[in-house]
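Trainee: Okay, here's the prediction I keep looking at, along with the sequence it came from:
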Amino acid sequence: MVEAVFMLPALLIAVYHGEEKTIFGFLTGMVITLVVALLLYLLCRKARKGFYAREGLVCVGASWIMMSLLGCLPFYFSREIPRLIDALFETVSGFTTTGASILPEVESMSMGNLYWRSFTHWLGGMGVLVFVLAIGRGREKEGYTMHLLRAESPGPKVEKLVPKMKDTTKILYVIYIFLTILNVIFLLAGGMPLFDAVCTAYGTAGTGGFGIKNDSIAGYSPYLQNVCTVFMLLFGVNFSCYYMLAIRQVKSVFRDEELRFYLGMVAGSILLIAWNIRGFYGTAEETFRHAAFQVASIVTTTGFATADFDLWPSFSKAIILGLMIVGACAGSTGGGFKCGRALLLIKSLRRNVRQILHPRKVQVVRVNGQMVGEQVLDNTNAYLAAYAFIVVFSFLVISIDNFSPMTNFSAVLACFNNIGPGLESVGPTCNFGDYGVVSKAMLIVDMLAGRLEIFPILILFSRSTWSGR
């Protein structure tokens with residue numbers, strides 16, 4: 001029902017611009033979505049009230065699949081994306097904030113569909129079910145909110161900002177909306193048209209990267225590019241840091257190890273790439289601007305582009321591949337493996353080395369001065385194993401389309417880490433349209449698994465999930 005309501009602004013934009021095919025697409029999509037919502041309500045109104053971890057994971061995984069199937073209908077029925085698999089790919093890429101596209105030419109799309117395409121980023125960035133929890137009736141005593149938020153929120157663990165999890169979801173969305181509006185204001189101040197500013201802010205806030213221009217952000221002024229750089233990095237920060245700043249616990253923010261790891265990685269990558277591409281651009285300012293923009297875009301898994309980084313030297317592309325894997329902070333709208341998990345793995349490795357040297361000494365892993373539980377470390381190791389398996393399996397599946405190994409490997413990383421552009425044939429000036437149906441289906445699963453941290457999608461294929469026991 002929420003998804004159908006959110007289609008309304010795009011429909012009104014289509015009506016304003018007299019886009020008849022788009023109007024038909026959205027009206028048809030909204031009617032089908034509302035019918036499905038009604039059927040689900042009638043089927044589930046007398047459902048059992050107990051809500052546990054299994055129900056939370058299944059609910060999130062199934063909801064995102066259904067949401068994507070319904071969200072692609074305006075594209076399909078308007079015939080702007082006439083193949084259903086392509087419409088689904090574009091929609092999943094939007095909701096998962098990936099930004100990978102099958103469209104060879106974006107500017108030919110109608111204004112209504114361009115708006116909906118960008119808005120899917122904003123809706124999926126913080127999480128659709130998180131939004132529903134923030135506005136819906138509370139069911140704290142049943143653990144309903146906690147199980148859904150755990151399944152939809154990124155990071156090795158989910159913690160409350162305040163005693164009630166429902167209030168936590170409201171705080172997260174207030175921060176999210178505030179930063180989005182602030183982004184729009186700064187873009188408007190640089191002379192960007194209102195429609196462009198709103199769509200760009202949606203892509204930046206959700207760290208998605210769908211542009212409304214064929215050259216992404218390259219055609220805008222240096223000021224606007226710098227604004228996007230700053231806000232991409234801001235949305236890659238754990239939102240709990242902003243809450244701590246709001247309640248004036250500034251010291252705890254600066255002591256946050258994940259934040260320092262994230263900022264250090266960004267700063268180091270910018271300096272190294274700027275040094276490596278210094279002969280590609282006319283001035284030091286232009287070199288540094290493009291390096292900073294692309295590092296911010298890749299590490300936060302946004303996917304905007306101001307330059308074709310596929311033409312950069314191998315050293316710079318190697319850094320970009322590394323940033324694709326690591327990604328942004330846990331608890332942000334960014335994707336990737338997450339800085340928090342990378343930090344835990346580094347600390348866990350160091351502990352194991354010390355354990356070998358001093359077998360009788362008790363070694364613990366601490367982050368921000370607090371001991372990390374063994375279950376969190378085990379979950380991180382399990383996530384790494386699942387991550388590696390899915391990357392290898394996906395790489396093998398899409399290799400049937402006979403693209404180069406680098407194209408296929410970067411395509412998997414770009415989709416699984418919710419980045420968007422890869423390298424070579426799926427680089428920033430190319431698209432995913434040439435892949436076959438099987439490869440696109442595999443990449444769709446990768447995008448969903450990456451956005452939902454693997455397990456809500458993985459357990460849908462487990463027999464024990466559906467067992468009555």
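Mentor: It's in. Numbers count the residues shown, from 1 in each chain.
Trainee: give me the number of residues near the nearest residue to Phe403 once chain neighbours are set aside?
Mentor: In this structure, Phe403 finds its nearest non-sequential neighbour in Ser425, 5.5 Å apart by C-beta to C-beta, 6 or more residues apart in numbering. Where you see a C-beta, it was placed from the backbone N, CA and C, and this is true even at glycine. Here the count is done by other C-beta atoms under 10 Å, and Ser425 has 19 residues near it.
Trainee: Isn't Ser425 up against Phe409?
Mentor: No. Counting by C-beta atoms under 8 Å, Phe409 is not a contact partner of Ser425; they are 11.6 Å apart.
Trainee: so where is the chain shaky, pLDDT-wise?
Mentor: The chain contains residues with pLDDT under 70 at 49-50, 133-166, 468-469.
Trainee: ok, Leu187 to Leu224 distance?
Mentor: 6 Å (C-beta to C-beta, to the nearest Å).
Trainee: neighbour count winner among the two?
Mentor: Leu187 (25 against 21).
Trainee: check which helix or strand covers the closest residue in space to that one that isn't next to it in sequence.
Mentor: Counting by C-beta to C-beta, 6+ apart, Ala197 is the residue found nearest to Leu187 once chain neighbours are left out, at 3.9 Å. Using DSSP states H and E, Ala197 falls within helix 194-205.
Trainee: outside of the next helix or strand after that helix, which residues touch it?
Mentor: Where DSSP H and E defines the elements, the next helix or strand beyond helix 194-205 is helix 222-235. Residues from elsewhere that reach helix 222-235, judged by C-beta atoms under 8 Å, 6 or more residues apart in numbering: 125, 179, 182-183, 186-187, 190-192, 200-201, 204-207, 217, 266, 285-286, 289, 292-293, 296-297, 300, 302, 304, 306, 328, 332-334.
Trainee: in helix 222-235, what's buried?
Mentor: Leu224, Gln225, Val227, Cys228, Thr229, Phe231, Met232, Leu233, Leu234, Phe235 (16 or more other C-beta atoms under 10 Å).
Trainee: Now distance to Ala382 too, for the residues you listed, in CSV please.
Mentor: Listed next are the buried residues of helix 222-235 as CSV, based on distance: C-beta to C-beta, whole Å:
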residue, distance to Ala382
Leu224, 42
Gln225, 39
Val227, 39
Cys228, 35
Thr229, 35
Phe231, 33
Met232, 30
Leu233, 30
Leu234, 31
Phe235, 28
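Trainee: Between those residues, which sits nearest Val5?
Mentor: For the buried residues of helix 222-235, the closest approach to Val5 (C-beta to C-beta) belongs to Phe235, at 24.3 Å.
Trainee: show me the contacts for the spatially most central residue of the chain.
Mentor: Ranked by distance to the mean C-alpha position of the chain (C-alpha atoms, centre = their mean), the top residue is Thr97 at 3.9 Å. By C-beta under 8 Å, 6+ apart, the residues touching Thr97 are His121, Gly124, Gly125, Gly206, Thr207, Gly208, Gly209, Thr301, Thr333, Gly335, Asn418, Arg451.
Trainee: Export those to JSON lines and append columns for neighbour count and distance to Arg79.
Mentor: Formatted as JSON lines, those follow (neighbours: other C-beta atoms under 10 Å; distance: C-beta to C-beta, whole Å):
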{"residue": "His121", "neighbour count": "29", "distance to Arg79": "23"}
{"residue": "Gly124", "neighbour count": "28", "distance to Arg79": "24"}
{"residue": "Gly125", "neighbour count": "26", "distance to Arg79": "28"}
{"residue": "Gly206", "neighbour count": "30", "distance to Arg79": "26"}
{"residue": "Thr207", "neighbour count": "34", "distance to Arg79": "30"}
{"residue": "Gly208", "neighbour count": "34", "distance to Arg79": "24"}
{"residue": "Gly209", "neighbour count": "33", "distance to Arg79": "25"}
{"residue": "Thr301", "neighbour count": "32", "distance to Arg79": "31"}
{"residue": "Thr333", "neighbour count": "30", "distance to Arg79": "32"}
{"residue": "Gly335", "neighbour count": "30", "distance to Arg79": "31"}
{"residue": "Asn418", "neighbour count": "34", "distance to Arg79": "28"}
{"residue": "Arg451", "neighbour count": "26", "distance to Arg79": "28"}
